[in-house]
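In: sequence and predicted structure are below.
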Amino acid sequence: MNGVINITTKSAKDTQGTLITGGGGSLLQDFGAVRYGDKISPNVFFRVYAQRFDRNNTLLPNATMRRTRGT
């Protein structure tokens, strides 16, 4: 198998402000992320990022749900 992975990054200067993403579904259940970027001085920028996934429920081959936490 051959392939190309192209990773494009942006500087903290280009990602100012707040970004909130979230979703759910049968493949990635309960996921979300928050990013915040700001300027400290004219030439100093920062970015903070937090992310959460909840994949505790697993679909078994016989189409039943297995819980890894709780019941």
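Out: Looks like it came in fine.

In: which pLDDT value belongs to Met65?
Out: Note on Met65: pLDDT of 59.

In: would you map the strands across this structure?
Out: According to DSSP state E, the chain carries its strands in the segments 17-23, 31-41, 44-53, 57-59, 65-67.

In: how about CSV for the ones you listed, with mean neighbour count added?
Out: In this view, the C-beta of every residue, glycine as well, is placed from N, C-alpha and C. As requested, the strands of the chain are arranged in CSV below (neighbours: other CB atoms under 10 Å):
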stretch, mean neighbour count
strand 17-23, 10
strand 31-41, 13
strand 44-53, 12
strand 57-59, 11
strand 65-67, 9
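
In: with respect to Ser11, which of these lies nearest?
Out: strand 44-53 (7.1 Å; CB to CB).

In: by contact count, what packs against the closest one?
Out: strand 31-41 (3 or more CB pairs under 8 Å, 6 or more residues apart in numbering; DSSP states H and E).

In: now the angle between strand 17-23 and the strand it packs on, please.
Out: On the basis of axes from the mean of the first three to the mean of the last three CA atoms, to 10 degrees, strand 31-41 is oriented at 170 degrees to strand 17-23.

In: please name the strands paired to strand 31-41 in the sheet, noting orientation.
Out: Partners of strand 31-41 in the sheet, by DSSP bridges, are strand 17-23 (antiparallel), strand 44-53 (antiparallel).
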